[in-house]
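Asker: show me how the following folds:
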Amino acid sequence: MGTVQGKDRNQLYLAPSLEDSISGDNFVRIIDALVDAWDLERLGFVNVSPASVGRPSYAAKDMLKLYIYGYFSGIRSSRKLESELGRNVELMWLLRDLRPDHKTIAEFRRKNPQALENTFRAFVTLLDDNGMLGKRVIAVDGTKIRAQNNKKRNMSKKNLARKIKHLDDKISTYMKDLDANDREEDNIPKVDVQALLATLQERKSQYESYQQELEDSGENEKSLTDPDARLMGNNRGGVDVCYNVQTAVDAKHHIIVEMNVTNNPSDHGQLSVMCKQIRKSLKIKFRRFVVLADKGYYNATDLKLCRRYRITPIVARQKAGRGAPDPAYDLEHFQYDKEADFYTCPQGIILKRTGTKASRLYANKKACSDCEHRGKCTTGKHRRVTVSNDQGVYDYADRLFEKNKELYRMRQMLVEHPLGTIKHTMGAGYFLLRTMKKVRGEVALLFLGYNLRRAINVLGFDGMMRAILASPLASLLTSSLNAILRDIPRPILRTGTTL
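Answerer: Numbering: from 1, shown residues only. The predicted structure is shown next:
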């Protein structure tokens, strides 16, 4: 039996049109309808209206469609997108066979970071209008994503001091070699020591200038390629030059509803920032919602602000300080008398308050020095219990956590799964742009691509098209879209929407 044979490459045949090459329910039709419905000038994109003179430019809507398709499909590089335009039938249909070069593609993303953020939030609003958001339970988490800055191009005070010392040692060695050459007649050095010394001195001066910049600015480090990126620990136990990307995910359909980018490696202080943005963007100022966060957000200032914003924070508790040599003497086994304001240790010793302004300190030096169990309780001369003045805030958060452990277990499923999808499925293990402002625009594109993927999975093709038609932007849709949607049942459309 023979094999299946292909066509003769020299045979002439009629090729189908671009319209016939794309199925009626292909997701590129959703991207096309969505971008056509948006007013890009209102969203803040530059050069939306064509100039009256000069060479014609590519339409901003076409460039936005290209980028949404790229980030949806895990193709982020402008050079790869340029290559796809010549062989990807879906992109040929979406851009009507336009072929902008990689420089033009990259410039659009570089010049519109704020507009891309606005586009991400506009899509979240569209999903909210169509019942995709519950706005009852929202999970918050941060992840480190590598910046466009090699670790060798990150200079810290400690690193610079080590480099300068190393250069001083090399300069000293070359100076000794130069003196030895001067003493030996007829000895012609094979290496131009003077040139090497000049290079080392120049490099040393550069490092010293970096040191002075850090002293003047009060910063601890300086990144040379991306000035906003900072050295952070990663989940593999090492360090990298990264950004800390904050994410908020709604529990109903796992839609990312808010984002933030910071160069602070810690999540402390970020919970209140995210909650404030969530309340503003989702317009939920007058009713409560629950926010889930891990122990990295266990911070008194954040917890107090959440209560002020009428938000219920369910945050995992951080372990208080270092444990005792014997776990039986950890702080949790000390009893606190609220009325008399003292602690009682497992051996019955009373630790009275000595206190400071920033925190309350409890100790009993004399009793501890005579206690035979001191080695199990502490490695110091006596045991001290330090309690924050905000302990009441922490106690309130701990009670909420204990009552809602089942709800808290949803956190990983809600917020860490989207981040894993973005990093591994959509290929976003590193950023392509530099500086925080541009990185925020790239994060917005990533999250927009993820949300579009989720919305299509939940609503399906027809549901997404109905959502676009039901939005206030429907009047801007093109007649070609109406032709595509003529078979979608009219009763599902909102009142006042016309085809």
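
Asker: other SSEs contacting whichever strand or helix holds residue 215?
Answerer: Following DSSP states H and E, one finds residue 215 within helix 193-217. With contacts defined as 3 or more CB pairs under 8 Å, 6 or more residues apart in numbering; DSSP states H and E, helix 193-217 has these neighbours: strand 154-156, helix 157-183, strand 221-223. (Glycine included, C-beta is placed from N, CA and C.)

Asker: least reliable of these going by mean pLDDT?
Answerer: Of all those, mean pLDDT reaches its minimum on helix 157-183 (a mean of 80).

Asker: not counting sequence-adjacent ones, nearest residue to residue 124?
Answerer: In space, and not counting its chain neighbours, residue 124 is closest to residue 257: 5.5 Å by CB to CB, 6 or more residues apart in numbering.

Asker: number of residues surrounding that neighbour?
Answerer: Residues lying near residue 257 (other CB atoms under 10 Å) number 25.

Asker: who touches whichever strand or helix holds residue 303?
Answerer: According to DSSP H and E, residue 303 maps onto helix 300-308. By CB atoms under 8 Å, 6 or more residues apart in numbering, the surrounding residues in contact with helix 300-308 are 268-272, 275-276, 291, 312-313, 315, 388, 390, 393-394, 396-397.

Asker: recalculate using a threshold of 6 Å.
Answerer: Helix 300-308 is contacted by residues 271-272, 275, 313, 390, 393, 397 when judged by CB atoms under 6 Å, 6 or more residues apart in numbering.

Asker: and the residue nearest to residue 124, its phi and psi?
Answerer: Per-residue torsions, residue 257: phi -100, psi -20 (degrees, to the nearest 10).

Asker: now do the contacts for it.
Answerer: 124, 248, 250.

Asker: quick check on those residues: which are buried?
Answerer: The neighbour count (16 or more other CB atoms under 10 Å) marks 124, 248, 250 as buried among the contacts of residue 257.

Asker: list the buried ones in the helix holding residue 303?
Answerer: Buried, per 16+ other CB under 10 Å, within helix 300-308: 300, 302-306.

Asker: can you list the weak-confidence ranges in the stretch 1-150 of the chain?
Answerer: 1 (pLDDT under 70).

Asker: all strands of it, in order?
Answerer: Here the stretch 1-150 of the chain has its strands, by DSSP state E, counting those that start in this stretch, at 137-146.

Asker: okay but residue 84 is in contact with residue 92, surely?
Answerer: No - in this structure residue 84 lies outside contact range of residue 92 using CB atoms under 6 Å: 9.3 Å.

Asker: SS state for residue 432?
Answerer: Three-state call for residue 432 (DSSP: H, G, I helix; E, B strand; the rest coil): coil.

Asker: how long is stretch 94-107 end to end?
Answerer: End-to-end span of stretch 94-107 (CA to CA, to the nearest Å): 20 Å.

Asker: oh, I was asking about stretch 289-307
Answerer: First residue to last in stretch 289-307 (CA to CA) measures 11 Å.

Asker: tell me how far it lies from the chain's centre.
Answerer: 18 Å (CA atoms, centre = their mean, to the nearest Å).

Asker: how about stretch 20-27?
Answerer: 33 Å.

Asker: in that stretch, what's buried?
Answerer: Neighbour-count burial for stretch 20-27 [16+ other CB under 10 Å]: 22, 26-27.

Asker: any weak-confidence spans in the stretch 301-450 of the chain?
Answerer: 319-323, 355-358.

Asker: all strands of it, in order?
Answerer: Listed in chain order, the strands found in the stretch 301-450 of the chain under DSSP E, counting those that start in this stretch are 311-315, 335-337, 342-344, 350-353, 359-363, 384-388.

Asker: on that earlier part again, and the residue nearest to residue 124, how far is that from residue 449?
Answerer: Separation of residue 257 from residue 449 (CB to CB, to the nearest Å): 15 Å.

Asker: what does residue 438 give?
Answerer: Counting by CB to CB, the gap from residue 438 to residue 449 is 17 Å.

Asker: repeat that for residue 338.
Answerer: Taking CB to CB, one finds residue 338 at 52 Å from residue 449.

Asker: higher neighbour count, these two?
Answerer: A side-by-side neighbour count of residue 338 and residue 449, using other CB under 10 Å, places residue 449 first with 24 against 6.

Asker: I figured the more buried one was touching residue 71, is that so?
Answerer: Yes - with contact defined as CB under 6 Å, residue 449 counts as touching residue 71 (3.7 Å).

Asker: what about residue 274, which SS state?
Answerer: Counting by three-state DSSP, the backbone at residue 274 sits in helix.

Asker: contact partners for it?
Answerer: Neighbouring residues of residue 274 by CB under 6 Å, 6+ apart: 140, 246, 248.

Asker: can you redo those residues as TSV with distance to residue 280?
Answerer: Shown next, in TSV, are the contacts of residue 274 (distance: CB to CB, whole Å):
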residue	distance to residue 280
140	15
246	15
248	12
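
Asker: tell me the one among those residues nearest to residue 225.
Answerer: Residue 225 lies nearest to residue 246 out of the contacts of residue 274, by CB to CB, at 23.1 Å.

Asker: what helices or strands is the host helix or strand of that closest one leaning on?
Answerer: Element membership for residue 246 (DSSP H and E) is strand 239-250. Secondary-structure packing of strand 239-250 (3 or more CB pairs under 6 Å, 6 or more residues apart in numbering; DSSP states H and E): strand 137-146, strand 230-233, strand 256-262, helix 270-282.
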